[in-house]
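All I have is the shape, not the residue letters:
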């Protein structure tokens, strides 16, 4: 078996093993408790809601991975979410996972829900909330409640989406407590399940403590109360299935809205077999390979036209199609190439000419209203006196400026390395991609682990020696390994996905399908402005 194949295969299997555990949510005991109440768990609700045999692109499955272990963990950030089709219409679906601490909101839960709302806002997607949550996780309230990007921002976004005409439907299938009660009421329509769904600012215990009133959950804020007395909810149903059926009926009647108008024609199979992606991507991340081999297994066959093919060779730019959708591709090249002066260089580093070429290509895609696809495997910008004297900072800034001010949708896939300013220039999370995914082989950090560990080692050894401590070579080697281990953990795709630096970790074989679904999502949001780049040095 090819080493590249076995390596990527192993990484994918490791990812799938983690996902299997994540899909268990709060565990069998917690799931059984929900079943005893005749309740579905979140992925069952989504499976029933979406069209049969349609694609569901889950987002943020690794949110919270390896975090909050003292609290028992927070699988998938306590929320299951993603892009799904309901009556043929693509929607954002966000479902609280009541098996994880009764659906309580951890800090990462807030961050994930805000990210899903951001995607819905940017792409003008209808959003369906399947509500079943006990509210803020009180032991961590200071990390989820008061700040700008905390819990309250959810309701700010509700208002913003409503003002922009983005449809929001809330199906309340369990608890909806305290500040969380505003979410369904700020949605366009609210559905409730009898004897299961409840909405109130304060539950029976708090009401008793605050004003001395004795009242049960159903009378205080159940489905009958809110459909017959308060008028807060619009529909009530005996079962979750009936409730979800009504959501489908509502979505079925949505009128068509203006689209962005991105070009799409009939899809063609890639020129080369996508199943070979495992093979062509090297096991050793320091080894060169031809990014064109990756591109030809993602884009429709015969559609990739390179831009400035013989200039700035450490970045590939070109026009292509993915499942019929027109895209402009910006990709790091890591094969051995010849420079103008004849010496051999390793790709993956951004040189002056590559940055200049990419910046110009990004401008062209904005001029032509073509979405951008970034394929990252970058170790950063070239350093050294020759590059500095040639103005690498100026050319790098030109590329970063173009990425930051681009108005067409940007989709980023991190295949391998994503280091330093290369992460920014190739549209990392800070540069507002509509969607960003990582392969299991990705590494995201300020620099490579070896270089970072040696740099940190020098700093720590100098600090210890300044205190008069004697450091032996054995001590240095032990310290180096400790630093390297910690750094490698922080650079892993799981660490990144847990913190939502990427929207999810994907199987390379699903890359083409996921890009297509993301392009479909971006096409819902019309572009109303022209690109402006401001001031930069030419």
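That came in fine, so what should we check first? Keep in mind that what you see is a predicted model, and the values were worked out from it rather than measured.

what's the distance between residue 74 and residue 63?
Counting by C-beta to C-beta, to the nearest Å, the gap from residue 74 to residue 63 is 8 Å. No exception for glycine: its C-beta is placed from N, CA and C like everyone else's.

any shared contact partners between these two?
Shared contacts of residue 74 and residue 63 (C-beta atoms under 8 Å, 6 or more residues apart in numbering): 108-109.

Tell me where the stretch 401-538 of the chain has helices.
Applying DSSP state H, counting those that start in this stretch to the stretch 401-538 of the chain gives helices spanning 420-425, 449-466, 473-491, 493-498, 511-522.

out of those, nearest to residue 115?
Smallest distance to residue 115 across these (C-beta to C-beta): 11.7 Å, for helix 493-498.

Of all the residues in that closest one, which ones are buried?
Neighbour counts over helix 493-498 (16 or more other C-beta atoms under 10 Å) mark 493-498 as buried.

go on, stretch 291-302?
291-292, 294-300.

how near is residue 378 to residue 414?
From residue 378 to residue 414 the distance is 9 Å (C-beta to C-beta).

between those two, who's got more neighbours?
Each of residue 378 and residue 414 has its neighbours counted (other C-beta atoms under 10 Å); residue 378 has more, 31 against 28.

next one: phi and psi at that one?
Backbone torsions of residue 378, given as degrees, to the nearest 10, read phi -130, psi 140.

OK, contacts around it?
332, 348-350, 417-419, 422-423, 425-426.

cool, and residue 71?
101, 106, 137, 139-140 are the contacts of residue 71 under C-beta under 8 Å, 6+ apart.

and which of those residues is nearest residue 177?
residue 137 (11.9 Å).

Check the burial of that closest one by counting its neighbours.
A count of neighbours around residue 137, defined by other C-beta under 10 Å, yields 23.

What of residue 84?
Close neighbours of residue 84, defined as other C-beta under 10 Å, add up to 22.

Could you verify that it is part of a strand?
Yes. Assessed with DSSP: H, G, I helix; E, B strand; the rest coil, residue 84 lies in a strand.

Show me the beta-bridge partners of it.
Listed by DSSP bridges, the beta-bridge partners for residue 84 are residue 91.

what's around residue 51, how many residues?
Residue 51 has 14 nearby residues by other C-beta under 10 Å.

list the contacts for the closest residue in space to it that isn't next to it in sequence?
Closest residue in space to residue 51, ignoring its immediate chain neighbours: residue 85 at 4.7 Å, by C-beta to C-beta, 6 or more residues apart in numbering. With contacts defined as C-beta under 8 Å, 6+ apart, the neighbours of residue 85 are 50-51, 54-56, 91.

how about a cut-off of 6 Å?
Neighbouring residues of residue 85 by C-beta atoms under 6 Å, 6 or more residues apart in numbering: 50-51, 54.

Could you check which helix or strand contains residue 316?
strand 315-322 (DSSP states H and E).

Report back the residue of the chain that's furthest from centre.
residue 468 (47.4 Å; C-alpha atoms, centre = their mean).

From residue 75, how far out is residue 129?
In terms of C-beta to C-beta, residue 129 sits 19 Å off from residue 75.

Compare those two (neighbour count), which wins?
Taking neighbours as other C-beta under 10 Å, residue 129 and residue 75 compare with residue 129 leading, 27 against 24.

Pull the contacting residues for that one.
94, 170.

How is it assigned, secondary-structure-wise?
Going by three-state DSSP: residue 129 is strand.

For beta bridges, what are the partners of it?
Beta-bridge partners of residue 129, as defined by DSSP bridges: residue 94, residue 170.

Next one, pLDDT for it please.
Looking at residue 129, its pLDDT reads 98.

I'd like the distance between it and residue 113.
Taking C-beta to C-beta, one finds residue 129 at 9 Å from residue 113.

in what helix or strand does residue 117 lie?
Counting by DSSP H and E, the element that carries residue 117 is helix 107-123.

Distance from that helix to the middle of the chain?
What separates the centre of helix 107-123 from the centre of its chain is 9 Å, taken as C-alpha atoms, centre = their mean, to the nearest Å.

which residues are in contact with that helix?
60, 63-64, 77-79, 81, 92, 94, 127, 143-144, 150-151, 153-154, 157, 161, 434, 500, 521-522, 524-525.

Repeat that for stretch 398-405.
Stretch 398-405 has contacts (C-beta under 6 Å, 6+ apart) with 355, 358-359, 362, 424-425, 427, 431, 531, 533, 536.

just stretch 424-432 next, same as before
374, 376, 378, 399-400, 403-404, 410, 412, 433, 436, 501.

Buried ones among those?
374, 376, 378, 399-400, 403, 410, 412, 433, 436, 501.

residues touching residue 483, list them.
Residues in contact with residue 483 (C-beta under 6 Å, 6+ apart) are 453, 456-457.

Kindly reformat those residues as TSV containing distance to residue 508 and pLDDT.
As requested, these are arranged in TSV below (distance: C-beta to C-beta, whole Å; pLDDT from 0 to 100):
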residue	distance to residue 508	pLDDT
453	28	74
456	32	77
457	34	78
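
Can I get the residues you listed in CSV including distance to residue 40?
Shown next, in CSV, are these (distance: C-beta to C-beta, whole Å):
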residue, distance to residue 40
453, 47
456, 48
457, 52
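
ok, and the most crowded of those?
residue 453 (21 neighbours).

residue contacts, it?
Counting by C-beta under 6 Å, 6+ apart, residue 453 has contacts 480, 483-484, 487.

And it, how close does it get to residue 446?
Noted for residue 453: a distance of 12 Å to residue 446, by C-beta to C-beta.

Which pLDDT value does the model give residue 65?
On the pLDDT scale, residue 65 gets 98.

Quickly find the element holding it.
Using DSSP H and E, no helix or strand contains residue 65.

which ones are touching the nearest residue to it once chain neighbours are set aside?
Excluding the flanking residues, the one nearest residue 65 by C-beta to C-beta, 6+ apart is residue 498, at 3.9 Å. Residues in contact with residue 498 (C-beta under 6 Å, 6+ apart) are 62, 64-67.

Just give me the closest of those to residue 395.
For the contacts of residue 498, the closest approach to residue 395 (C-beta to C-beta) belongs to residue 62, at 35.0 Å.

What are the neighbouring residues in contact with that closest one?
497-498, 505.

Throw those residues into JSON lines and include distance to residue 253 and pLDDT, thanks.
As requested, the contacts of residue 62 are exported to JSON lines (distance: C-beta to C-beta, whole Å; pLDDT from 0 to 100):
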{"residue": "497", "distance to residue 253": "36", "pLDDT": "98"}
{"residue": "498", "distance to residue 253": "39", "pLDDT": "98"}
{"residue": "505", "distance to residue 253": "36", "pLDDT": "98"}
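
I'd like these laid out as a markdown table, including distance to residue 36.
Formatted as a markdown table, these follow (distance: C-beta to C-beta, whole Å):
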| residue | distance to residue 36 |
| --- | --- |
| 497 | 33 |
| 498 | 31 |
| 505 | 34 |
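
and which of those is nearest residue 328?
residue 505 (24.7 Å).

measure the closest one to residue 102 for me?
Separation of residue 505 from residue 102 (C-beta to C-beta): 27 Å.

Tell me the pLDDT of the residue nearest to residue 503 when sequence neighbours are not counted.
Closest residue in space to residue 503, ignoring its immediate chain neighbours: residue 59 at 4.8 Å, by C-beta to C-beta, 6+ apart. Looking at residue 59, its pLDDT is 98.

Can you report how many residues lie near residue 216?
Counted with other C-beta under 10 Å, the neighbours of residue 216 add up to 9.
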